[in-house]
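Q: test case, fold it:
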Amino acid sequence: MSGLSTGAGSANVTGVKPAGFRGVFRDDESARAVYSEGAGIARTIPAAVAVPASADDVSALVRWAAGTRTPLIARGSGSGMAGGAVGAGVVVDLSRLDDIGAVDVERRRVTVGPGALRGAVNERARGYKLRFPVDPSSGAFCTIGGMAATNAAGAHTLRYGATRAWVTALDCVFEDGSRALVRRGATPPDVPAIERFLAGAHAAILASPARARSHPGVRKDSSGYALADYARSGELLDLLVGSEGTLAIFVGVELSLASLPGATSSLVAEFPTLEQAVDGAARARTGGASACELLDRTFIEVARRGEAPVTIDDSSEAVLLVEIEAGDSGAATAMARVMENALTACGATHVTVALSAEDEATLWTLRHAASPILNRLSPSLKSMQFIEDAAVPPEKLPQYVRGVREVLARHGVRGVIFGHAGDSHIHVNPLVDVKLANWRQTVQEILDEVTSLAAQLDGTLAGEHGDGRLRTPLMERVWDPRSTALFVEVKRAFDPLNIFNPGVKVPVGAAPLGDIKYDPALPPLPADARAALDAVERERGWSNFRLSMIGGG
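A: Here you go, the predicted structure:
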């Protein structure tokens, strides 16, 4: 073992490969360090890193972990924001299990490994005029396994729903190393974990009040276990999707696919008030929009510093980006004109319509116009995404956005606010100066106050990114005691030894904010690992195989 701290509760891993494990297993400092960070704010040095070469490797690793009581943290590209892919114990890098099977055009299905990139899967499907329509902004480099683990969503969730709706089967390794296929519409497989669940937690979920199973009025939710979806469908698949590697490790995913649209059109609408923009989003939702994104004035102000592709009037408080899908270009044009009139009727002062693919692409670059500017800010200013995933009932969106603005202003912190207006789901990038002596206290207070705000508005803290280690300790503030008790019961049934991603979904006593990777007071990582992690973040190279970046494999 190296001298790096692994954190409380980590296993005493010796560096010797588990019996039957044929993949890469390392516990040297550089290997551990290069898996200590992901796209979120957390840093945790793992005890070791395992890179399975096959699904059988995963089974062998889980059997070893059960015997040695070693925590396993399943990971894809590490692009998750909530810290669910970093932790003490052994990080299990599933990115090498990246096979993409043949596309079944007639059934519109494809089976892929958990490490298959969403972008690669979608590209394969497009060759058959199909697509996987769930499109997170990380879609080019996130893995399908990670998307299934968090029930990832994106701009087109407005029309197509989140990942759960598109998963038709999961190839799972359970806590004793047993492997089974859980398929929608099929009899549950005969494995001990599922038997325990059906003997206990199943009845408790069905008997619980509806309020204990969901956040009523919230359109997107990846917090907790999907009790409401399971209660409605009775499908174990719905419970497993979104479980963040805490109930089983996915070694295969079967996806349903959708047809490509015949044509699209897009609009940018400027509004003088948030309320009018929210009215416009509701009109877009009922009017058949496939996507509807909100850019708050905080976002617009930052975007103006660069070369934004669209000029936005100084008086605009919010902008909506809307996309429409249709069977052909004529229908897309006609629907765009109807939508233009509808948004104007809601108070839009100016609407830009794009009908060609080139013009549409130009409009949608506005959605990412702030990121390059944020990257050029003072080195001491860090864009820390720790309040970045709340969703509230649609009618409460203006209260949430204004409340977040007020919290940030009260603490003297600038922030960029944007998100999925059609689903009333908001991302926030606070800009924190880590040179200030009290910056950690400021982060803690902002997190606390925004959590209270989301709870007061009957919202969720995790619309699409999952709870991770960041939000799990806060779940009792947005879920009632019956809900959190059910989460414990589900976890205990599937993972009685608590080896699968402990501290996610069910708290283990840790604080929401542990080590923050931007903290200048943290001990430095080995130079090769630090250079690799910096390159990943700078180049958005999340799909890069981390061990290849430090030499060796």
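Q: helix, strand, or coil at R124?
A: What DSSP: H, G, I helix; E, B strand; the rest coil gives for R124 is helix.
Q: correct me, but it touches D104?
A: No - at 11.9 Å, R124 does not count as touching D104 under the criterion of C-beta atoms under 8 Å. From N, CA and C alone the C-beta is placed, and that goes for glycine too.
Q: of these two, who's got more company?
A: A count of neighbours by other C-beta atoms under 10 Å puts R124 above the other of R124 and D104, at 20 against 14.
Q: OK, contacts around that one?
A: Applying C-beta atoms under 8 Å, 6 or more residues apart in numbering, we find R124 in contact with I100, V103, V110.
Q: any idea how far L343 is from L237?
A: With distances taken as C-beta to C-beta, to the nearest Å, L237 is found 38 Å from L343.
Q: oops, could you answer that again for D528 instead?
A: Counting by C-beta to C-beta - D528 and L343 are separated by 52 Å.
Q: what does A60 give?
A: In terms of C-beta to C-beta, A60 sits 56 Å off from L343.
Q: between those two, which has more neighbouring residues?
A: A count of neighbours by other C-beta under 10 Å puts L343 above the other of A60 and L343, at 27 against 22.
Q: which SS class is the nearest residue to that one once chain neighbours are set aside?
A: The shortest distance from L343 to any non-neighbouring residue, by C-beta to C-beta, 6 or more residues apart in numbering, is to A269 (4.3 Å). Assigned with three-state DSSP, A269 falls in the strand class.
Q: for A269, which residues are in contact?
A: Here A269 is in contact with A277, G280, V319, L320, V322, E340, L343, T344, A348, H350, V351, T352 (criterion: C-beta under 8 Å, 6+ apart).
Q: which one of those sits closest to F299?
A: V319 (8.1 Å; C-beta to C-beta).
Q: and that closest one, how many residues sit next to it?
A: 29.
Q: any idea how far it lies from R283?
A: For V319, the distance to R283 - C-beta to C-beta - is 15 Å.
Q: pLDDT below threshold where in the stretch 1-150 of the chain?
A: 1-15 (pLDDT under 70).
Q: now with 80, please.
A: 1-16 (pLDDT under 80).
Q: now swap in the stretch 201-350 of the chain and tell me
A: In the stretch 201-350 of the chain, residues with pLDDT under 80: 209-213, 304-310.
Q: helices along that one, start to end?
A: According to DSSP state H, counting those that start in this stretch, the stretch 201-350 of the chain carries its helices in the segments 201-207, 227-233, 236-240, 274-286, 297-303, 329-345.
Q: which residues touch the longest one?
A: Counting contacts by C-beta under 8 Å, 6+ apart, the residues outside helix 329-345 that touch it are 262-267, 269, 280, 283-284, 287-289, 320, 322, 324-326, 351, 353, 355.
Q: out of the residues you listed, which end up buried?
A: 263-267, 269, 280, 283-284, 287, 289, 320, 322, 324-326, 351, 353, 355 (16 or more other C-beta atoms under 10 Å).
Q: contacts only, for the residue nearest the centre of the chain.
A: Per C-alpha atoms, centre = their mean, the C-alpha nearest to the average position across the chain is that of H465, at 2.5 Å. Counting by C-beta under 8 Å, 6+ apart, H465 touches G80, M81, A82, T150, A152, S222, E388, D389.
Q: nearest to E254, of these?
A: A152 (16.4 Å).
Q: the closest one contacts F132, correct?
A: No - under the criterion of C-beta under 8 Å, A152 is not in contact with F132, lying 11.0 Å apart.
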